[in-house]
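> Quick one, what's the 3D model for this:
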Amino acid sequence: MKKKQHIKLFSHNDLDGFGAPLLLSALQPILFNGVDFDLTTCSAGNLDKELERFFRQPDVQSYTDIYIMDMTPDSQYSFQQLENHFANHWLIFDHHESEEDLRKQHATNCISPAHPEVNPSATSLVWDWVKQNVNFANVPTQRQQQLGELVELIRAYDTWDWQNDPDMSAQERRSADELNQLFWFYPLSQSQKFVESVYQTGWEKYRAQNALLINTLNGRRQRYLDRHLKNVTEFTVDGHSFGVVYASDFKSEIAHALLQRHDVEAALVIDAHSVSLRSNGKLDVAQFASEYFNGGGHADSAGGILPINPIKEAEEAIVQAVKQQAQVNAETAKEEQNNSNSLADSLDPEMADKLAALFKKE
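Have a look, this model is predicted:
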């Protein structure tokens with residue numbers, strides 16, 4: 001009797017990161033009937049830690065396969081553990097250029113784009129892969145079109161083709177942008193539920209149901225961008241110019257707008273823990289992210305981890321400033337008291353009496 005498949009999924013925690021593994025769940029009744037999926041998502045730079053934790057679990061042998069999506073392990077030790085625990089039962093669906101050399105070393109287990117001329121995303125890699133399944137023809141044509149549209153919207157946004165591809169229609173650009181906005185509107189704890197709902201409903205119907213929210217988010221985003229882009233700091237490193245700004249939302253959009261409004265080669269958008277980088281094509285930000293922020297990505301779009309927490313640093317700076325000001329205030333008050341005492345001591349008794357009578361309240 002064939003052993004039931006119990007597949008462990010690891011993926012990134014952005015729209016493409018959720019879109020890739022949940023596409024398998026959306027097709028489960030037809031293509032993966034009886035398969036159990038167990039999904040863990042994580043932020044950039046943390047995959048190896050998650051894998052290390054997973055391989056130490058006593059029930060690791062209960063899984064038959066492991067799929068990694070929208071990320072690639074950075075450590076050869078992780079690859080060794082994948083092979084030791086799962087032999088040929090592991091796959092990687094990733095498209096980031098900074099880890100391309102690593103994937104080439106394990107090409108047998110890494111899914112390549114079916115259409116190399118098109119910038120792939122993790123979700124589009126999964127989509128091309130499932131279409132090769134012998135049972136894919138059993139997926140109703142309307143359902144194929146519905147899922148295919150969502151896959152393309154996710155791909156267009158994640159690769160930034162929604163901004164860079166001159167052949168993409170205005171409607172498709174707008175839809176890719178709106179889908180990503182909706183994804184980030186919900187808290188991370190609701191991300192899986194959101195993507196599952198969109199896959200189930202289809203974009204056209206889901207967009208109509210949420211038109212008011214989408215219009216509201218468009219206005220909110222524009223105000224957010226205008227407000228935050230007032231506080232851009234420019235600097236130069238190794239002959240390259242950068243603009244850096246703090247923002248916890250709309251990072252890609254802020255980075256794109258920063259490059260349009262400021263004469264810099266790359267934009268860095270930071271929050272409490274991470275940095276998002278965008279380039280105008282003159283600097284490989286994937287390499288820069290790898291060297292400075294333990295990150296990676298694409299030549300014109302990358303991310304990484306901050307070595308400091310800017311919020312904590314700012315809070316500590318404020319605390320120190322308040323303490324220093326308190327010390328200055330205390331020293332000033334003491335000096336004024338000493339000056340007052342000195343003045344009183346310098347007056348003869350007769351003059352002191354006259355001054356006291358002059359300022360005495362009625």
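> For residue 244, which three-state class applies?
strand (DSSP: H, G, I helix; E, B strand; the rest coil).
> My guess is it contacts residue 231. True?
No: with contacts defined as Cβ atoms under 8 Å, residue 244 does not count as touching residue 231, sitting 9.7 Å away. Where C-beta positions appear, they are placed from N, C-alpha and C, glycine not excepted.
> So between these two, which is more surrounded?
Legend: neighbour count by other Cβ atoms under 10 Å for residue 244 and residue 231, higher for residue 244 (18 against 10).
> Grab the nearest non-local neighbour of the more buried one.
Once flanking residues are discounted, residue 244 sits nearest to residue 268: 4.3 Å by Cβ to Cβ, 6 or more residues apart in numbering.
> Wasn't that neighbour part of a strand?
Yes: counting by three-state DSSP, residue 268 is found in a strand.
> That one - how many residues pack around it?
27.
> if I look at residue 281, how far off is residue 260?
Distance from residue 281 to residue 260, counting by Cβ to Cβ, to the nearest Å: 13 Å.
> same check, this time on residue 176
Residue 176 sits 18 Å away from residue 260, going by Cβ to Cβ.
> More neighbours: the two, which one.
In this view residue 176 and residue 260 are compared by other Cβ under 10 Å, and residue 176 has more residues nearby, 25 against 10.
> Contacts only, for the closest residue to residue 300 other than its chain neighbours.
Take residue 300 and drop its neighbours on the chain: the residue closest to it by Cβ to Cβ, 6+ apart is residue 279, 4.4 Å away. Contacts for residue 279 (Cβ atoms under 8 Å, 6 or more residues apart in numbering) come out as 259, 265, 266, 267, 285, 299, 300, 301.
> hey, what's residue 279 bridged with?
Beta-bridge pairing for residue 279 (DSSP bridges): residue 266.
> Check the gap between it and residue 339 for me.
60 Å.
> Over to residue 160?
From residue 160 to residue 339 the distance is 65 Å (Cβ to Cβ).
> before we move on, what about residue 70?
Residue 70 is 68 Å from residue 339, by Cβ to Cβ.
> same question, residue 178
Applying Cβ to Cβ, the value for residue 178 to residue 339 is 67 Å.
> now residue 194
According to Cβ to Cβ, residue 194 and residue 339 sit 67 Å apart.
> In terms of neighbours, single out the busier of these two.
Between residue 194 and residue 339, residue 194 has the larger neighbour count (other Cβ under 10 Å), namely 20 against 10.
> unless I'm mixing things up, that one is touching residue 183, no?
Yes: look at residue 194 against residue 183 with Cβ under 8 Å: they come within range, at 6.2 Å.
> Not including adjacent chain positions, what is the nearest residue to residue 181?
Per Cβ to Cβ, 6+ apart, closest to residue 181 is residue 217, 4.9 Å.
> Surely that neighbour is in contact with residue 183?
No: with contacts counted by Cβ under 8 Å, residue 217 stays clear of residue 183, the gap being 10.8 Å.
> circling back: save the contacts of residue 279 as CSV, and put in distance to residue 63 too.
As requested, the contacts of residue 279 are exported to CSV (distance: Cβ to Cβ, whole Å):
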residue, distance to residue 63
259, 43
265, 44
266, 40
267, 40
285, 35
299, 35
300, 36
301, 32
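> what comes up buried for whatever helix or strand the residue nearest to residue 181 lives in?
Element membership for residue 217, per DSSP states H and E: helix 211-228. Judged by neighbour count (16 or more other Cβ atoms under 10 Å), helix 211-228 contains these buried residues: 214, 217, 221, 224, 225, 228.
> now do stretch 234-245
Applying 16+ other Cβ under 10 Å to stretch 234-245 flags 241, 242, 243, 244, 245 as buried.
> same deal with stretch 270-286?
Buried-residue list, stretch 270-286, by 16+ other Cβ under 10 Å: 270-271, 274-280, 283-286.
> What average pLDDT does it get?
The pLDDT scores in stretch 270-286 average 90.
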